[in-house]
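> A structural model of the following input is requested.
(2 chains)
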Amino acid sequence: MSDLALHIPTDVVNGPTSLAFALLAAIAVGACVVKARRHLDERLVPLAGLATAFIFAAQMLNFPIAAVVSGHLLGGALAAALLGPWLGALCVTVVIVIQALLFADGAVTALGLNVVNMAVIASFAGYGVILLALKVLPRTRWGLGAAVFAASVVSVVAASAGFVLQFWLGGEEVGQSFGELAAAILGTHVLVGIGEGVITAGAVTAVAAVRPDLVHALRGSRLAQPAKETV
Amino acid sequence: MNPVDGLHRPGDSPVHRLRPQVKIVALVAFTCAIAATPREAVWAFGVYAALLSGLFLLARVPLAWVLSRSLVESPFLLLALAFPFMVEGDPVQIGFLRVSEPGLWAGWNLLAKATLGVWAALLLSATTPIAAVLAGLSRLRCPEILLQITAFAIRYAHLTVAEVTQMRLARLARCDDPRFLWQAGALARSLGVVFIRSFERGERVWQAMAARGYTGRLPLEVGPAPASALQWTAALAAPAIAAGIATWTAVFA
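Residues are numbered from 1 along each chain as shown, chains lettered A, B, ... in the order given. A predicted model of the protein is given here:
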């Protein structure tokens, strides 16, 4: 599975739509650079570089889903939860560009489409869900885990919905069957999202237990500790 | 092969020697020409495939390697296989299957263009080292901040990937062999540990840079050499032929 790409190849979505999304991606990435730089100033390059290297390594990791099926992380929600949506989207963008230019994964003409889906939509949808969920759920290990799990599922499904939208705008005319196609794509990605969610929730709660200051979604607050018995 | 090194295959062919910026422009132009070719012009795709195969031969990249790497697009090939049954239109009988004619064309379109697109991209990644790709992008006025982040990411990805591999070995050595998703807790936690290490390393690297007078700009100029007109002509010959065919088929055929 690690060699399978889900990055959009050449001409699945037509030229004008690809161009429009390339513009959108360029604007979004520009905004991410400005926002991330405001937060990190001159630390941006080393920290974003290392964070990107981490996302890259995280995507290398294969996890089992059931018996013989395994998958790898997309990392949008993981990046958003740990780094915040702006820096997170920026890191995932760099990963996508590296994969297109160095691994021939995803067409260069579809870079805009892929960046909008997997970096921008995935990060922001995921981050939004975490913030909303943390307003409702208790700020404990389990609360954070549940929030991150929900965020991962939503981010993966939202990213695939981005592709469905692009395909509807500029893809093949499939007429009546469009609903079935969309349902098949979204349904598959709910399953992918659940796998992603379990791993991401485990990773983020592990970070939160040791260095809560590194989990951007917690915004500097610690997790509520279960009352410890004093020794 | 280290997964971070990309697909570069070192060599000394005319394709390897071309300046990276030239190759990147050629790749984009070629991919656009492929995308713009109407699906009914089957012969045009044959010509593109022949052009790319010729370039692979010139670059001494084995075709078997190219074919095995082309499998990356297989999820989208499923979509190509589904099109004949989904797209509405005049039905045609193939054996015992009734499929729609526009659907067949749509499937063919996706199959041919996705494969050729991957081949064109493979030609760049096989003949250009990572540092050269970055230098080429810099020459093409790609925003410097993105290139710096990418350069850092690639440099340290070797370390993070090694860390992930090392932790995997440590887990395996302790008989952790998850078969199902709910058993993957140790794997998730080790990912968390790698994040903390990466982020802390980032802070240390920044402190080291700050101690050496870093103020947000890298002082070294890694500007690559400009490409000569001859290089541009040589590299753009294939995309030019492709663009000519694309225009011809779109306008006259």
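> pull the longest helix from chain A.
helix A:178-210 (DSSP state H).
> The nearest residue to residue A:188 once chain neighbours are set aside: how many residues sit nearby?
Spatially, and ignoring its direct neighbours in sequence, residue A:188 is nearest to residue A:160 (7.7 Å; CB to CB, 6 or more residues apart in numbering or on different chains). C-beta here means a position set from N, CA and C on the backbone, and glycine is covered the same way. For residue A:160, the tally of surrounding residues (other CB atoms under 10 Å in any protein chain shown) stands at 25.
> Wait, residue A:160 touches residue A:185, no?
Yes - in this structure, residue A:160 is within contact of residue A:185 by CB atoms under 8 Å, at 5.4 Å.
> Quickly note the distance from the residue positioned nearest the centre of chain A to residue A:111.
Nearest to the mean C-alpha position of chain A, counting by CA atoms, centre = their mean, stands residue A:76 at 1.2 Å. According to CB to CB, to the nearest Å, residue A:76 and residue A:111 sit 16 Å apart.
> Also residue B:41?
Taking CB to CB, one finds residue B:41 at 26 Å from residue A:111.
> thinking again about what came up before, show me the contacts for the residue nearest to residue A:188.
A:117, A:185, A:186, A:188, A:189 (CB atoms under 8 Å, 6 or more residues apart in numbering or on different chains).
> Burial check on the second one, number of neighbours?
I take that to be residue A:185. 16.
> Contacts only, for it.
A:160, A:163, A:164.
> you'd agree the first one is in a strand?
Same thing as residue A:160. No - going by DSSP: H, G, I helix; E, B strand; the rest coil, the assignment for residue A:160 is helix, not a strand.
> Which pLDDT value goes with it?
Looking at residue A:160, its pLDDT reads 90.
> what's the answer for the last one, then?
Model confidence at residue A:164, given as pLDDT, is 89.
> Select from the contacts of residue A:160 the one having the most neighbours.
residue A:117 (28 neighbours).
> before we move on, back to that, would you mind listing the buried residues in the longest helix of chain A?
Buried residues in helix A:178-210, counted by 16 or more other CB atoms under 10 Å in any protein chain shown: A:178, A:181-182, A:185-186, A:189, A:192-193, A:195-209.
> And the strands in chain A?
A:62-66, A:69-72 (DSSP state E).
> still on that earlier bit, not counting sequence-adjacent ones, nearest residue to the residue nearest to the centre of chain A?
residue A:122 (2.7 Å).
> what about the one you found, how many residues close to it?
33.
> wait, what's in contact with it?
Per CB under 8 Å, 6+ apart, neighbours of residue A:122: A:74, A:76, A:77, A:80, A:92, A:155, A:156, A:158, A:159.
> at 7 Å instead, please
A:74, A:76, A:77, A:155, A:156, A:158, A:159 (CB atoms under 7 Å, 6 or more residues apart in numbering or on different chains).
> Counting only helices, which of those make the cut?
Per DSSP H, the subset of the contacts of residue A:122 in helices is A:76, A:77, A:155, A:156, A:158, A:159.
> before we move on, the earlier item: grab the two from the contacts of residue A:122 that are most spread out in space.
A:74 and A:158 (11.2 Å; CB to CB).
> More neighbours: which of those two?
The residue with more neighbours, out of residue A:74 and residue A:158, is residue A:74; 28 against 23, by other CB under 10 Å.
> Poorly predicted segments of chain B, please.
For chain B, the stretches with pLDDT under 70 are B:1-4, B:72-75, B:95, B:216-224, B:253.
> Please report how far the residue nearest to the spatial centre of it lies from chain A.
The C-alpha lying nearest the average C-alpha coordinate of chain B belongs to residue B:121 (CA atoms, centre = their mean; 5.1 Å). To chain A, residue B:121 is 4 Å away according to CB to the nearest CB, to the nearest Å.
> same deal with residue B:12?
Taking CB to the nearest CB, one finds residue B:12 at 20 Å from chain A.
> Tell me the secondary structure at that residue.
Classification of residue B:12 using three-state DSSP returns coil.
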